[in-house]
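In: Structure for this input, please:
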Amino acid sequence: MAKPVSVSDLKTHCLRLVEQVAKTRREIVITKRGKRIARLVPIEEQSADAPLEQLRGTLERGFELSDFDTGVRWRAAED
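Out: Sure, this is the predicted structure:
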């Protein structure tokens, strides 16, 4: 279960809480007057291909995308 932290505690201890989430990899739930309003979650580690993977299925027909670092090229499928 995620640890609840009030908005006022978040304002007071923001840096410490962010570092805690980064170190423990566990989320913190932010509450306001006892109601859950937000979550502070760690960023998932991404592989080098992750940004390009997010584009999968978004290329238009005839469009080409290249990775300038590796030279790898992707081309949208022709129907």
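In: V29 and K35 touch, don't they?
Out: No: applying CB atoms under 8 Å, one finds V29 not in contact with K35, separated by 10.3 Å. From N, CA and C alone the C-beta is placed, and that goes for glycine too.
In: More neighbours: the two, which one.
Out: V29 (15 against 7; other CB atoms under 10 Å).
In: any idea how far W74 is from the closest residue to that one other than its chain neighbours?
Out: Leaving aside its sequence neighbours, V29 sits nearest to A2 (CB to CB, 6 or more residues apart in numbering; 4.4 Å). Applying CB to CB, to the nearest Å, the value for A2 to W74 is 38 Å.
In: circling back to that earlier point, contacting residues around the residue nearest to V29?
Out: 26-29, 39 (CB atoms under 8 Å, 6 or more residues apart in numbering).
In: out of those residues, who's nearest L10?
Out: Among these, I28 lies closest to L10 (CB to CB), at 8.2 Å.
In: So the closest one sits against S6, correct?
Out: No: using CB under 8 Å, I28 is not in contact with S6; the gap is 10.8 Å.
In: Compare those two and say which is more crowded by neighbours.
Out: Just comparing I28 and S6: by other CB under 10 Å the higher neighbour count belongs to I28, 21 against 13.
In: and the nearest residue to that one once chain neighbours are set aside, what is it in contact with?
Out: Using CB to CB, 6+ apart and skipping residues adjacent in sequence, the residue nearest I28 is L40, 4.4 Å away. Counting by CB under 8 Å, 6+ apart, L40 makes contact with 5, 10, 17-18, 21, 27-30.
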